[in-house]
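Trainee: got a predicted structure here, sequence first:
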Number of protein chains: 2
Amino acid sequence: MEFVADCRLRMATDLFIHGWDPVVLAALVTGPHRRRVLRATIGGISDKALTEALHRLHDNGLIERRSYAEWPPRVDYALTLLGRTFTDGPMRALAEWINRYGDELFEAQERADPASS
Amino acid sequence: MEFVADCRLRMATDLFIHGWDPVVLAALVTGPHRRRVLRATIGGISDKALTEALHRLHDNGLIERRSYAEWPPRVDYALTLLGRTFTDGPMRALAEWINRYGDELFEAQERADPASS
């Protein structure tokens, strides 16, 4: 695994630097959603944080904004094909890992900083 | 994939929030290393940033610090079993994804912000 010299890995891990971005992607796994539904599904995300996450994910080519010529106007957000490869691959692997090893991770964090619980 | 309501996913994505942490993990995939070797292998990481990354990875139970009763004293760092599951699972999936789709990601980023290149 030729990780270290490969700055492309950093390009990939950067997709997780903004904590809401993977959460928004996860919310789109079930299908396209309107902004209002996204906020309700995710819970705890401010309007500003959602706007920023949608912009970043769009600029990374992981989601698309779809605008319908209807009245009243309608806009929704959907995973792109690239976004789908990201949720099906690395994000699924991460979800599987945390399901299996989350308790161990939590216990290590508790040991390191018992006061934080 | 029951992602969204699951705050455990956030616990997992948080492992990527500090950009150097996965890079340090990647450097340990080949085996235990002393601090000096880690700095040289990674390149571009300050002593302070390396210290902080090693502390966080240790507190998350992903690496261990091993101290040898020798003269001169010797210390090295190694993946724990938990750390190994993380590099073999989610990090490998991420590395494979970026190898395969990195060009598409880069092109999307270029389209979004041509001035940054």
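Mentor: Okay, I see it.

Trainee: the helix or strand containing A:Q109 to helix B:92-112, inter-axis angle?
Mentor: Element membership for A:Q109, per DSSP states H and E: helix A:92-112. In terms of direction (axes from the mean of the first three to the mean of the last three Cα atoms, to 10 degrees), helix A:92-112 departs from helix B:92-112 by 110 degrees.

Trainee: restrict helix A:92-112 to CA atoms and write it as CSV.
Mentor: What follows is helix A:92-112, C-alpha atoms only, in CSV (Å, rounded to 0.1, in the frame of the first residue of the first chain):
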residue,chain,number,x,y,z
ARG,A,92,-19.6,1.9,3.3
ALA,A,93,-16.3,0.5,4.4
LEU,A,94,-16.1,3.2,7.1
ALA,A,95,-19.7,2.5,8.3
GLU,A,96,-18.9,-1.2,8.4
TRP,A,97,-15.7,-0.6,10.4
ILE,A,98,-17.4,1.6,13.0
ASN,A,99,-20.3,-0.9,13.4
ARG,A,100,-17.8,-3.6,14.1
TYR,A,101,-15.1,-1.7,16.0
GLY,A,102,-16.9,1.4,17.4
ASP,A,103,-17.0,0.0,20.9
GLU,A,104,-13.2,-0.5,20.9
LEU,A,105,-12.7,3.0,19.6
PHE,A,106,-15.0,4.4,22.3
GLU,A,107,-13.3,2.5,25.0
ALA,A,108,-9.9,3.7,23.9
GLN,A,109,-11.2,7.3,23.9
GLU,A,110,-12.6,6.8,27.4
ARG,A,111,-9.4,5.5,28.7
ALA,A,112,-7.5,8.4,27.3
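
Trainee: now do it, average pLDDT.
Mentor: Averaged across helix A:92-112, the pLDDT comes to 95.

Trainee: what packs against it?
Mentor: Packing partners of helix A:92-112 (3 or more Cβ pairs under 8 Å, 6 or more residues apart in numbering or on different chains; DSSP states H and E): helix B:7-13, helix B:47-59, helix B:81-86, helix B:92-112. To be clear about C-beta, it is placed using only N, CA and C from the backbone, and glycine gets the same treatment.

Trainee: need those helices in CSV (columns: mean neighbour count).
Mentor: Below are the helices and strands packed on helix A:92-112 laid out as CSV (neighbours: other Cβ atoms under 10 Å in any protein chain shown):
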stretch, mean neighbour count
helix B:7-13, 18
helix B:47-59, 16
helix B:81-86, 18
helix B:92-112, 17
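
Trainee: got a list of contacts for stretch A:71-78?
Mentor: Applying Cβ atoms under 8 Å, 6 or more residues apart in numbering or on different chains, the contact partners of stretch A:71-78 are A:28, A:31-35, A:38, A:54, A:63-68.

Trainee: of those, just the buried ones, ChimeraX syntax please.
Mentor: Only the buried members of the contacts of stretch A:71-78 end up in this ChimeraX selection, burial being decided by 16 or more other Cβ atoms under 10 Å in any protein chain shown:
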select /A:28,33,38,54,63,64
